[in-house]
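**Q** Requesting a structural model of the entry that follows:
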Amino acid sequence: MLAASALEGPLSVARPASEQAAPDDVSLIDAIRRGAPGSREALYHRYKRRVFALAMRIVGAADAEEVSQEAFIRIYRGLPRFRGDAALSTWIYRLAVNAALSHRSRRPPHADARVDEVEELPADERPDTDAALRRRLTQALRQLPAGYRAVIVLHDVEGLEHEEVAAILGCHVGTSKSQLHKARNRLRAILAVDGITAAEAGRAGAR
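**A** Numbers count the residues shown, from 1 in each chain. Next up is the predicted model:
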């Protein structure tokens, strides 16, 4: 199994969303529903970085801004129906993932198969082979199908538990675990083409 640390090194920018949930989310939602000045902007600024980072990892940098905008349109439209059964961050992640997956489904197959290649230099001439390996890990993630990419990003990168991943993806916990297992196997196979083992990936991610 590809260690989570192998992904956290090159990919993660935040702690799990559940740990970041602000204590006054309920008050903010109430303010938005009342039309309080600045309340919508406050929600946007609170979650924009996490939504953008999630979108970027699922659809790529070129389309992340468009997906983020679509996600916030869905968030604002859906707030009147938000009942607080789940954490606000979980609900927002769910809408962001749905926006990203919807965007991917509208693109031609293999539309993002071409990714920037690491410059081919002899290993002893590369200024930072660890950096090149971390970059290859990021590229390999982009080569996964969008659904596999989403579950790996949520669990291995964002650090969410399977219960929260399942809530975000709208599936059973067992399905979340099964999808993660398949996604990791696919990622490991992609890296193996370049001769990168799970142990090497783990060492690169830990540095």
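
**Q** which residues in the protein form strands?
**A** Assigned by DSSP state E, the chain shows no strands.

**Q** Quick one: the helices in it, in order.
**A** Shown for the chain, the helices assigned by DSSP state H span residues 4-11, 17-20, 25-34, 39-59, 61-78, 88-105, 129-142, 146-152, 162-169, 173-193, 198-206.

**Q** Just the residues contacting the fourth one, thanks.
**A** Under the criterion Cβ atoms under 8 Å, 6 or more residues apart in numbering, residues 11, 13-14, 17, 20, 22, 28-29, 31-32, 63-65, 67-68, 71-72, 75-76, 89, 92-93, 96-97, 99-101, 103-104, 112, 141, 146, 149-150, 153, 157-158 lie in contact with helix 39-59. Just so you know, the C-beta spots here come from the backbone N, C-alpha and C atoms, and that holds for glycine as well.

**Q** and the angle for that helix with helix 25-34?
**A** Orientation of helix 39-59 against helix 25-34 (axes from the mean of the first three to the mean of the last three Cα atoms, to 10 degrees) gives an angle of 110 degrees.

**Q** Now mean pLDDT and mean neighbour count too, for the helices of the chain, in CSV please.
**A** As requested, the helices of the chain are exported to CSV (pLDDT from 0 to 100; neighbours: other Cβ atoms under 10 Å):
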stretch, mean pLDDT, mean neighbour count
helix 4-11, 39, 20
helix 17-20, 42, 16
helix 25-34, 86, 15
helix 39-59, 92, 20
helix 61-78, 94, 17
helix 88-105, 91, 21
helix 129-142, 77, 19
helix 146-152, 91, 22
helix 162-169, 91, 21
helix 173-193, 92, 16
helix 198-206, 58, 18
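
**Q** Brilliant, that's me finished.
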